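**Student:** Quick one, fold the following:
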Amino acid sequence: MTEHRSLPLHSLNHVSRETRDVDRLRDFYITVLGFRPAVRPNFSFKGHWLLLPHGYYLEDETWHLTKEGRPPGGALLMHIIQKDEQENLPEGPINTDSSYPDRPKAILRGHHLAFRTERMDDVEKILTERGIQFGKSIVPNTSVRQFFFFDPDTEMSKGPIRSLCPLKEIPTLSVGIIGGSLTGLTAALSLERLGVDCRVYERARESKRRGGGGIGVQDVTREDVDEALLPMRVQEEIDRNGRMIRQIPVPMWSAYWQDIDDLLLRNVKEDKVEYMHELIGLNQLENGKVELEFKSGEKREHDAVLACDGGASLVRDLMFPEHLMRFSGYVAWRGTVKTGSLSQSIMRHFCSEFSRNTLSFKISGRQHAVIYYLPPGDIINWIVYLPESEEKYVHRKEAASGMTKDATDEEIQQFLSQVKEVFSQSSLPDIIQSTDKPYKNMIYDSEPLPHLHKGKVLLMGDAAHYSTPHLVKGSNMAIQDGYWISEILERLLSHPHLSREEGLIERWFRIFEERRKRTTEDTVKLGKTRQGLMKEQKEDWDLNCTAKEFTDMAGDERANEE
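**Tutor:** Next comes the predicted model:
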C-alpha cells in the first residue's frame, strides 16, 4: 500500500451550520449556549456569525475582550447559513458519497468544518496524490484560496454521509521581536500558536537574565504562568495611623518576576530566542520588509517588527527621537525577606498590620508602601516610594543608565531613617532592617505617544506605555500586550475581508494601537494621581479619586462603589 503525506493543517477556522431558519438557530446558540454575535460580511445569502464567550467579539471593526477572559488559541467561530433550496442538499451533514468539484456554491452553503493551512500548494498536491476530488474558490476581494472536499464517513443504517472540509490559506509571516522579557516572550509564545515564524532578539547574555522582584498578576494575564502564582484576594489601603481608607476585592496573584520569565521562556521554542543581539538600527525597505541591524554587524529582515525593548526603548527613540522620558522625582526602594528570618515579635506586629492574601498599600501623604506575600507564601515583598527631587525630562540614554541602582550602606541608613519617620507606628522599619541588600529604582514614565506604530514596526509593553508603577499594572499590561497582538492577528487571518482596504500588518498594528490607547492614557493619569501630581489635588492621593474613578481608570474590576 502506497503511503501518502498528510495535509499540513494549522488549526480549526470555523464551524458552519446550514438551516432554513437562521434567526431561530442564532437565538438558540446565543441564549442557550452563550455565543456572542460577530460582524459578518455582506454575503448574497442570509446568515449570522457567532463567537463563543471567553474570546473576542467585534464592535466597530475592533475586537474586544469579554469579561470572561481569554482562552488558549482564541474563540471558536460559528457560521449560521441560510439553506440553499435550489441546490437541494439534504438537511444535516448527510449528503452523498461523492464530492462536488463543479459545484463550489453548494459546498460553500453546506454544513462543514473549515480548517486553516499555511501551505495551500502542498495541500493541492497531496489531495491529488490521494485521488481526492476537490473544488476551489477565492474569497471575494482577497487573494485567499479555498479548497473544498468531503471525508468518507459512512453509517450503514443511513447510507453514505459526507462531512465538508474546506481549507483556508493563511499567509506565512516572519516577525522579529526586539527584547526577550515578559512582553517579547509572551508575544512569541502566542504568535507561535498561530504558526507565525517569530525570532526574539535579546541583547543580554543568557546567564545575565537573572533578577527582578515581586510583581502582581491579574486574571487576564495568568494563562501560561498559573503554576507560579499566589492569590491576593483583597486590596486594602491604610493610612500611617492604621485607618482603613479602602478595602476591595481584587482578582490578582503575586509572583516573582524571574519565575514568570522562566515559565514563558520554557514554553517558547528553544531556537527562537537569540541572545547577545543588541539592536543599533532598523530600516523599512522598499521590498516591504523591515531590516534590523545589530551591534555585531549582522542584519536580519522580517515582515514585521515588535519592539518589546522596555521603558528605555531604543526603537521608540528611533521612531520618535524628540520624545523625552519623565523622571517622576520619586525612587522606589525594594526588597524581600523570608518570614522565618524574622523574630516572633516582629512577625506578630507585622501580622497584626498586614493580612495574608492581601495587596496592601500603606499611605502617608505623598509617600507610600506596597506590601504582599510571594510564593510559596513565606516571603514578604515590600516596596517603598519616597520623593527624592524635582521631576525632570530626560533623553532615553540618561534614563537607561540610572533606572536601577545598588545602594550604599550610607544610603540604606538614610532610607531607614526616612521610613522610621514616615511610618513610625508601622512594622515596616523592622521588616526593612531585616532585609538583605535592599535596592532602589529611579521611577520614570513616558507621556502617551502620538502613535504606537510606524509602518511595520510596533511598540509594545513598557516601550509603548511606560508608566509609574503605583498600580501594580506594568507587568500585566506587558504580558497582556503579548496576548492581544496574536488574538487580533488571528481574527484578521480568519476574516481576510477585514484587512482588504489596507495591508494586513498595517491593519493589525492599527487595531492594537486603538485598543491600547485608552488604557495607556488612564494608567499614566492614575499613576500621577497616586503620586499627587494632578492639578487641584489635595496632598493625600487617596482623597483625590473615588473608588469608581479608580476602577474606571485602572481598567479592571477592583472597585465598583465607595
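
**Student:** doesn't Glu298 make contact with Glu291?
**Tutor:** No. The pair Glu291 and Glu298 fails to qualify as a contact (C-beta atoms under 8 Å) at a distance of 11.0 Å. Bear in mind the C-beta positions are built from the backbone N, C-alpha and C, glycine included.

**Student:** Which of those two has more residues huddled nearby?
**Tutor:** Glu291 (16 against 11; other C-beta atoms under 10 Å).

**Student:** In three-state terms, label the residue sitting nearest the centre point of the chain for me.
**Tutor:** By C-alpha atoms, centre = their mean, the chain has its centre lying nearest to Gln480, at 2.2 Å. What DSSP: H, G, I helix; E, B strand; the rest coil gives for Gln480 is helix.

**Student:** in the stretch 451-562 of the chain, what spans have low per-residue confidence?
**Tutor:** Where the stretch 451-562 of the chain drops to pLDDT under 70, the residues are 467-473, 494-502, 520-562.

**Student:** swap the cut-off to 80 and go again
**Tutor:** 465-476, 490-491, 493-502, 517-562 (pLDDT under 80).

**Student:** domains of this structure?
**Tutor:** 9-169, 174-554 (automatic domain parsing).

**Student:** Okay, and the beta partners of the closest residue in space to Met319 that isn't next to it in sequence?
**Tutor:** Residue nearest to Met319 in three dimensions, not counting chain neighbours: Lys454, with 5.2 Å by C-beta to C-beta, 6 or more residues apart in numbering. Beta bridges link Lys454 to Val457, judged by DSSP bridges.

**Student:** hang on, Lys454 packs against Arg316?
**Tutor:** No. When contacts are counted by C-beta under 8 Å, Lys454 is not listed as touching Arg316 (10.4 Å).

**Student:** Which of those two has more residues huddled nearby?
**Tutor:** Between Lys454 and Arg316, Arg316 has the larger neighbour count (other C-beta under 10 Å), namely 25 against 14.

**Student:** Not counting residues beside it along the chain, what's closest to that one?
**Tutor:** Excluding the flanking residues, the one nearest Arg316 by C-beta to C-beta, 6+ apart is Ala463, at 5.2 Å.

**Student:** List the buried residues of the helix or strand encompassing that neighbour.
**Tutor:** Taking DSSP states H and E as the criterion, Ala463 maps to helix 462-465. Residues of helix 462-465 classed as buried by neighbour count (16 or more other C-beta atoms under 10 Å): 462-465.

**Student:** Tell me which residues touch the nearest residue to His451 once chain neighbours are set aside, please.
**Tutor:** Among residues not flanking His451 along the chain, Glu513 sits closest, at 6.6 Å (C-beta to C-beta, 6+ apart). Residues near Glu513 by C-beta atoms under 8 Å, 6 or more residues apart in numbering: 451-453, 458.

**Student:** in the stretch 1-150 of the chain, which ranges drop under the pLDDT threshold?
**Tutor:** Residue ranges of the stretch 1-150 of the chain with pLDDT under 80: 1-5, 7-14, 32-36, 38-44, 51-77, 84-121, 131-150.

**Student:** which residues in it form strands?
**Tutor:** Secondary structure of the stretch 1-150 of the chain (DSSP state E, counting those that start in this stretch): strands at 9-19, 36-38, 47-51, 56-59, 62-65, 77-82, 112-117, 135-138, 145-148, 150-151.

**Student:** Count the neighbours of Leu492 for me.
**Tutor:** Per other C-beta under 10 Å, the neighbour tally for Leu492 reads 18.

**Student:** Can you read off the backbone torsions of it?
**Tutor:** Note on Leu492: its backbone torsions stand at phi -70, psi -40 [degrees, to the nearest 10].

**Student:** how close does it sit to Cys308?
**Tutor:** Taking C-beta to C-beta, to the nearest Å as the measure, Leu492 falls 20 Å from Cys308.

**Student:** before we move on, the earlier item: what's in contact with the helix holding Ala463?
**Tutor:** For helix 462-465, the surrounding residues in contact (C-beta under 8 Å, 6+ apart) are 179, 183, 307-311, 313, 315-316, 446, 448-449, 452, 458, 474, 477-478, 481, 516, 519-520, 523-524.

**Student:** same check, this time on stretch 308-322
**Tutor:** Contacts with stretch 308-322, where a contact means C-beta under 8 Å, 6+ apart, come from 177-179, 181, 183-184, 187, 279-282, 305, 307, 323, 325, 395-397, 399-400, 403, 444, 446, 449-450, 454, 457, 459-464, 466, 478, 481-482.

**Student:** burial count for Asp121?
**Tutor:** Neighbours of Asp121 (other C-beta under 10 Å): 10.

**Student:** do the same with Ile80
**Tutor:** Neighbours of Ile80 using other C-beta under 10 Å come to 24.

**Student:** circling back: any idea how far the residue nearest to His451 lies from Ala304?
**Tutor:** Glu513 is 14 Å from Ala304, by C-beta to C-beta.

**Student:** In what element of secondary structure is the residue nearest to His451 found?
**Tutor:** Secondary-structure assignment from DSSP H and E places Glu513 in helix 504-531.

**Student:** Okay, helices next: where are they in the protein?
**Tutor:** 22-31, 104-109, 120-129, 182-192, 257-267, 314-319, 344-353, 396-400, 409-422, 428-433, 462-465, 474-494, 504-531, 547-554 (DSSP state H).

**Student:** Report the buried residues of the fourth one.
**Tutor:** For helix 182-192, a neighbour-count test (16+ other C-beta under 10 Å) marks 182-192 as buried.

**Student:** same deal with stretch 442-450?
**Tutor:** Neighbour-count burial for stretch 442-450 [16+ other C-beta under 10 Å]: 442-446, 448-449.

**Student:** Could you pick out which of these are located in strands?
**Tutor:** Using DSSP state E, the members of the buried residues of stretch 442-450 that fall within strands are 442-445.

**Student:** Kindly provide the distance from Asp261 to Phe354.
**Tutor:** Taken as C-beta to C-beta, the span from Asp261 to Phe354 is 27 Å.

**Student:** Ok, Phe509 next?
**Tutor:** Taken as C-beta to C-beta, the span from Phe509 to Phe354 is 43 Å.

**Student:** more crowded one of those two?
**Tutor:** The neighbour count for Phe509 versus Phe354, taken as other C-beta under 10 Å, is higher for Phe509 (26 against 23).

**Student:** And the contacts of Glu513, which is closest to Gly365?
**Tutor:** Distance to Gly365, by C-beta to C-beta, is smallest for Leu452 among the contacts of Glu513, at 34.9 Å.
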